[in-house]
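1. Give me coordinates for this.
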Amino acid sequence: MTAGATTRRRDATLPITLIVFAFVLLALPAEAVIPGPLRGNGSPARLLGLVMFAIVAISLLVPAVRGDGQVVRLRSLATSPKMVAVAMMMAYLALRLVIYVHGATSPSDPPDAAATTLRFLLTTAACFGIVLYTISTVTTERIRDAVLFAVLAGGAISTVIGLVQGLANIDYRTLLVPPGFTLLTETQLAERDGFTRVIGTAGHPIEFAVMVSALLPIAFHYSRFAATPMTRRIAYVGAALLLVAVPASVSRTAYVTLVVALVIYLLAQPVKFIVAGICALVAIVGVYFVVAPDLFDAVISLFTGASKDPSIESRTDDYAYVGKLFREEPFFGHGPASTIPQHSRYLDNQWLQELVMGGIAGVAAVILLILSCLIGLTVSSRRATGRSERDLVFAIGASVGAILVSMFLFDTFAFPQVTYLFFLLMGIAWTLVPERDRQSGTHATRIGAAA
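-> Next up, the predicted model:
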């Protein structure tokens with residue numbers, strides 16, 4: 001069989017599980033769950049993540065496992081550059097399991113610790129499955145585009161819901177709850193300075209803000225490099241929606257993550273694109289100044305009045321609190337249940353959360369994830385064969401960068417949408433790493449191919 005025929009055959013089958021996951025992750029409310037004992041573990045995104053984990057786990061034991069018509073062959077990665085990602089994810093899983101066991105056997109856990117500890121374990125399994133399943137099944141550019149467009153479509157739905165929340169002060173998330181599901185909690189829309197802090201389908205305004213910032217570079221990429229004019233126009237509309245939604249969360253995090261995402265993405269752009277982007281940003285700021293001057297003033301006061309903001313004060317007070325707990329359990333922390341709000345205090349910083357929950361092991365696990373992303377993106381950038389491919393590498397890097405910087409501003413991994421989005425993008429980053437076909441001397445993707 002020729003290489004061209006092999007590529008066409010692989011292109012004919014899309015990983016439906018992964019594509020559906022990418023769409024429902026942001027399109028459905030984060031707190032839509034199956035009623036009953038599953039509760040917070042029964043959200044569609046988490047259930048699909050666990051399905052991917054099961055397929056990945058089996059594929060590590062047998063030569064090949066079929067998922068969505070794709071052949072998952074993780075064992076064949078032994079000689080591939082992508083084995084680095086597999087090894088680092090295995091190390092991440094091992095560290096998380098140590099933290100889980102240490103926390104599960106702690107005699108000082110609060111009464112409701114078991115459910116929180118179980119959620120921690122299932123989330124870890126789902127994240128592990130998402131990364132490796134993505135690496136195994138996203139074997140062509142067509143599949144990668146389908147997955148990323150599914151994410152953008154889900155994000156567009158969340159953004160529209162968020163804008164309606166801000167304009168009408170009505171939460172229409174309930175209309176998106178699938179039949180047979182229910183909302184885990186009836187979250188009320190919050191306000192700041194008299195303005196509704198929109199959340200879209202997320203669980204918190206900050207999570208919504210990070211989601212918007214992380215998706216913007218991907219939308220920018222497809223508005224310029226999508227295969228058809230119609231697709232480019234759709235991506236352009238999506239990018240415009242995301243830009244308009246940035247101030248809607250009335251959050252400092254929205255602007256910090258947006259700036260980080262744009263700076264990283266613009267590093268790969270020509271001067272004329274940078275100028276056009278700045279002009280578009282100035283135009284949007286001007287529209288907000290004219291149409292919603294009060295909101296504009298509220299956003300400005302977020303920064304000018306930061307020194308008097310109670311949320312800033314509480315964040316700085318967290319360091320002394322965390323330092324005391326870290327000294328008590330420096331290596332493996334106090335366990336996943338140690339940060340339950342009913343028994344502890346909110347920590348709006350993922351790194352502090354890791355120190356309390358997992359100690360040095362928890363911080364090491366997150367560092368492994370960051371290193372894996374950096375290695376994957378660096379190798380992809382150096383081996384990119386065209387302008388579009390290089391642009392996508394920077395777009396994914398910008399999206400990941402926005403999520404990473406948010407870890408200093410809120411407890412990122414406590415929120416499912418932004419957590420699973422991070423791991424999905426991490427897997428996508430490694431799918432951009434080409435493999436060298438030793439026989440033909442050309443780049444060919446062999447992961448996921450049938451024997």
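2. Let's see the pLDDT reported for the residue nearest to residue 399 when sequence neighbours are not counted.
-> Take residue 399 and drop its neighbours on the chain: the residue closest to it by C-beta to C-beta, 6 or more residues apart in numbering is residue 214, 4.3 Å away. (Glycine included, C-beta is placed from N, CA and C.) We have a pLDDT of 95 for residue 214.
3. do residue 435 as well
-> Looking at residue 435, its pLDDT is 65.
4. What of the one 3 residues further on?
-> Among the per-residue scores, residue 438 shows a pLDDT of 36.
5. swap in the one 5 residues further on?
-> Residue-level confidence at residue 443 comes out at 37, pLDDT.
6. How is residue 348 assigned, secondary-structure-wise?
-> coil (DSSP: H, G, I helix; E, B strand; the rest coil).
7. returning to what we had before: the residue nearest to residue 399 and residue 424 touch, don't they?
-> No: using C-beta atoms under 8 Å, residue 214 is not in contact with residue 424; the gap is 10.5 Å.
8. Please say which of these two ends up with more neighbours.
-> Using other C-beta atoms under 10 Å, the more surrounded residue of residue 214 and residue 424 is residue 214, with 29 against 26.
9. helix or strand right after the helix or strand hosting the more buried one?
-> Secondary structure from DSSP states H and E places residue 214 in helix 205-225. Going down the chain from helix 205-225, the next helix or strand is helix 229-245, by DSSP H and E.
10. Looking at the following helix or strand past that next one now, give me its mean pLDDT.
-> Following helix 229-245 in sequence order, the next helix or strand is helix 252-266 (DSSP H and E). What helix 252-266 shows for mean pLDDT is 89.
11. Stretch 87-98 now?
-> For stretch 87-98, the mean pLDDT works out to 94.
12. what sits up against it?
-> Applying C-beta atoms under 8 Å, 6 or more residues apart in numbering, the contact partners of stretch 87-98 are 120-121, 124, 128, 131-132, 332, 358, 361-362, 364-365, 368-369, 371-372.
13. Was I right to think residue 381 contacts residue 393?
-> Yes: Residue 381 is in contact with residue 393 according to C-beta under 8 Å; the separation is 4.8 Å.
14. Have a look at these two and say which one is more surrounded.
-> Between residue 381 and residue 393, counted using other C-beta under 10 Å, residue 393 has the larger neighbour count: 24 against 16.
15. element containing the more buried one, please.
-> helix 387-406.
16. Quick one: mean pLDDT over that helix.
-> 94.
17. going on from it, what's the next piece of helix or strand?
-> Toward the C-terminus from helix 387-406 - assigned by DSSP H and E - lies helix 416-431.
18. centre of the chain versus that next one, how much separation?
-> 5 Å (C-alpha atoms, centre = their mean, to the nearest Å).
19. and what of stretch 328-344?
-> 24 Å.
20. Can I get that stretch in CSV, CA atoms only?
-> Extracted in CSV, the C-alpha atoms of stretch 328-344 (Å, rounded to 0.1, in the frame of the first residue of the first chain):
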residue,chain,number,x,y,z
GLU,A,328,4.0,20.2,58.6
GLU,A,329,3.9,18.0,55.5
PRO,A,330,6.6,19.1,53.1
PHE,A,331,7.0,16.1,50.8
PHE,A,332,3.5,14.7,50.0
GLY,A,333,1.3,17.3,51.5
HIS,A,334,-2.0,16.9,53.4
GLY,A,335,-3.8,15.1,50.6
PRO,A,336,-6.5,16.1,48.1
ALA,A,337,-9.1,16.7,50.8
SER,A,338,-7.0,19.3,52.6
THR,A,339,-8.3,22.2,50.4
ILE,A,340,-12.0,21.5,50.9
PRO,A,341,-13.4,25.1,51.4
GLN,A,342,-15.6,23.9,54.3
HIS,A,343,-12.5,22.8,56.2
SER,A,344,-9.8,25.2,54.9
